[in-house]
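[1] need coordinates for the below:
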Amino acid sequence: MRALVTGATGFTGGHLARALAARGQAVRALVRDAGRAAPLGAAGIDLAAGDLRDDEALARAVAGIDVVYHVAATYREAGIKPETYRAINATSVGRLVEAAGRAGVRRVVHCSTVGVHGDIAHPPAAEDAPLAPADVYQETKLEGERLARETGRRMGVEVAIARPSGIYGPGDRRLLKLFRGVARRRWVTLGSGEIYYHLTYIDDLVDGFRLCGEHPAAAGETFILAGPEVTTLNELVAITAEVAGVATPRLHLPVWPFWTAGAVCEAIAVPLGLEPPIYRRRVDFFTKSRAFDISRARSVLGYAPRVGLREGIGRTLQWYREHGWI
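    Just a heads-up that it's a prediction; the model follows:
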């Protein structure tokens with residue numbers, strides 16, 4: 001099996017590329033920064049320099065490849081214009097699938113997000129739940145799904161869509177604030193904390209991606225990939241505290257002052273290209289329910305997430321401590 005991974009210098013793509021290589025696959029990574037990608041090269045991964053917006057680079061990257069795992073994306077950052085999100089998260093997806101079709105690639109696995117479902121009114125949500133993206137990131141990820149399917153049909157490429165829930169594990173920075181805040185006894189919950197939160201440990205997610213790339217029944221399908229446990233935010237905080245060996249944080253503050261402050265900060269900072277000290281989307285973490293049904297991935301692919309929250313959080317906290325992150 002010859003695989004191309006985009007986004008391999010990031011957390012999820014890096015874990016995926018290394019895991020595929022460890023299974024004996026010939027792995028290539030499309031990278032923009034050769035220096036940042038040096039550890040991948042040291043792990044035996046072939047490096048193809050280039051940008052997703054460069055058709056010639058895409059053609060070189062997909063040459064001789066059987067399966068493409070498209071993980072690269074522009075995430076939420078201050079100062080990024082909507083057209084940049086659209087160019088990376090949507091338009092380039094179609095261009096990559098088209099390049100794959102010309103090169104004879106069998107399948108493209110496109111990494112989307114459960115965020116395309118928005119706030120979950122009736123949890124748990126399955127793949128056919130209403131689509132309600134709430135910001136430009138989620139909107140362009142959903143557009144990327146559409147372009148992947150349309151281009152795949154036109155070019156004769158099998159396309160599988162993966163929608164991961166919240167990803168965590170050694171090396172992750174997105175949930176570092178929660179884990180570090182609890183471990184250092186500095187965590188404060190906004191609101192009641194009774195919203196659902198559904199995490200996915202990185203090793204389980206990598207297995208799910210691989211199944212999307214290899215299982216015959218994955219072609220043309222969409223799969224939610226999430227962990228084996230759903231908790232409320234309060235339960236997640238309590239488990240983290242237990243694993244970290246500290247008292248469970250009990251302080252709760254009202255949401256609305258922070259949401260209002262986020263709106264003001266964004267209005268001032270974003271036009272100047274500055275990083276706001278607080279975002280409304282960060283406040284949304286405390287207010288939007290996320291709980292998902294992974295029955296389709298289990299029944300169709302044999303997806304079987306094995307890492308429970310206590311084990312996964314323990315591994316993650318240990319890695320953070322060893323690397324001086326907490």
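
[2] distance of G14 relative to D172?
    According to Cβ to Cβ, to the nearest Å, G14 stands 11 Å off from D172. Heads up, the C-betas are built off the backbone N, CA and C, glycines and all.

[3] I meant to write A263 there.
    A263 is 28 Å from D172, by Cβ to Cβ.

[4] who has more neighbours, those two?
    Between A263 and D172, counting by other Cβ atoms under 10 Å, D172 is the more crowded of the two (20 against 15).

[5] how near is the more buried one to R2?
    28 Å.

[6] same thing with V237?
    Counting by Cβ to Cβ - V237 and R2 are separated by 43 Å.

[7] okay, those two: which has more neighbours?
    Each of V237 and R2 has its neighbours counted (other Cβ under 10 Å); V237 has more, 22 against 15.

[8] output the lowest mean pLDDT helix or strand found in this structure.
    Counting by mean pLDDT, DSSP states H and E, the weakest-scoring helix or strand in the chain turns out to be helix 280-284, with a mean of 74.

[9] contacting residues around the helix or strand following it?
    Counting by DSSP states H and E, the element after helix 280-284 in chain order, helix or strand, is helix 295-296. Defining contact as Cβ atoms under 8 Å, 6 or more residues apart in numbering, one finds that helix 295-296 is touched by A126, E127, E221, F223, I224.

[10] narrow the residues you listed to those that are buried.
    Neighbour counting by 16 or more other Cβ atoms under 10 Å classes E127, E221, F223, I224 among the contacts of helix 295-296 as buried.

[11] show me those residues that map onto strands.
    In strands, defined here by DSSP state E, the members of these are F223, I224.

[12] and the two most separated of the buried ones among the contacts of helix 295-296?
    E221 and I224 (11.0 Å; Cβ to Cβ).

[13] mind listing what's buried along stretch 210-224?
    For stretch 210-224, the neighbour count (16+ other Cβ under 10 Å) marks R210, L211, C212, G213, E214, H215, A218, E221, T222, F223, I224 as buried.

[14] average pLDDT for that stretch, rounded please.
    The average pLDDT within stretch 210-224 is 98.

[15] hey, where'd the helices end up in the stretch 51-200 of the chain?
    55-62, 82-86, 92-103, 136-155, 176-183 (DSSP state H, counting those that start in this stretch).

[16] how much space between the closest residue to D46 other than its chain neighbours and V68?
    Nearest non-adjacent residue to D46, counting by Cβ to Cβ, 6 or more residues apart in numbering: R28, 4.2 Å away. Distance, R28 to V68, using Cβ to Cβ: 10 Å.

[17] E83 too?
    Counting by Cβ to Cβ, the gap from E83 to V68 is 24 Å.

[18] these two touch, right, R107 and A219?
    Yes: between R107 and A219 a contact is recorded at 6.5 Å, counting by Cβ atoms under 8 Å.

[19] what touches both of the two?
    Common neighbours of R107 and A219 (Cβ under 8 Å, 6+ apart) are E158, V159, A160.

[20] which one of those residues is nearest L20?
    A160 (15.3 Å).

[21] let me know the pLDDT of Y279.
    For Y279, the predicted pLDDT is 68.

[22] repeat for W259
    73.

[23] which residues touch it?
    Contacts of W259 by Cβ under 8 Å, 6+ apart are R280, V283.

[24] quickly note the distance from it to E266.
    Taking Cβ to Cβ, one finds W259 at 11 Å from E266.

[25] now do the shared contacts for the two.
    R280.

[26] pLDDT weak spots in the stretch 151-300 of the chain?
    The model of the stretch 151-300 of the chain has pLDDT under 70 over residues 270, 272-274, 277, 279.

[27] helix, strand or coil for G44?
    Following DSSP: H, G, I helix; E, B strand; the rest coil, we place G44 in the coil state.

[28] quick one: it and R23 touch, right?
    No: contact between G44 and R23 fails when scored by Cβ under 8 Å: they sit 12.0 Å apart.

[29] next up, the contacts around the closest residue to I202 other than its chain neighbours.
    Using Cβ to Cβ, 6+ apart and skipping the chain neighbours, the partner closest in space to I202 is G169 (3.3 Å). G169 sits next to F11, H15, Y201, I202, D203, G312, R315, T316, W319 when contact means Cβ under 8 Å, 6+ apart.

[30] chain center to the helix or strand containing the fifth one: distance?
    Element membership for D203 (DSSP H and E) is helix 202-214. Its chain's C-alpha centre and that of helix 202-214 lie 12 Å apart, by Cα atoms, centre = their mean, to the nearest Å.

[31] again with stretch 59-68
    With Cα atoms, centre = their mean, you get 22 Å for stretch 59-68.

[32] got it, and stretch 114-123?
    On Cα atoms, centre = their mean, the centre of stretch 114-123 falls 15 Å from that of its chain.

[33] so where's the stretch 1-150 of the chain shaky on pLDDT?
    76-79.
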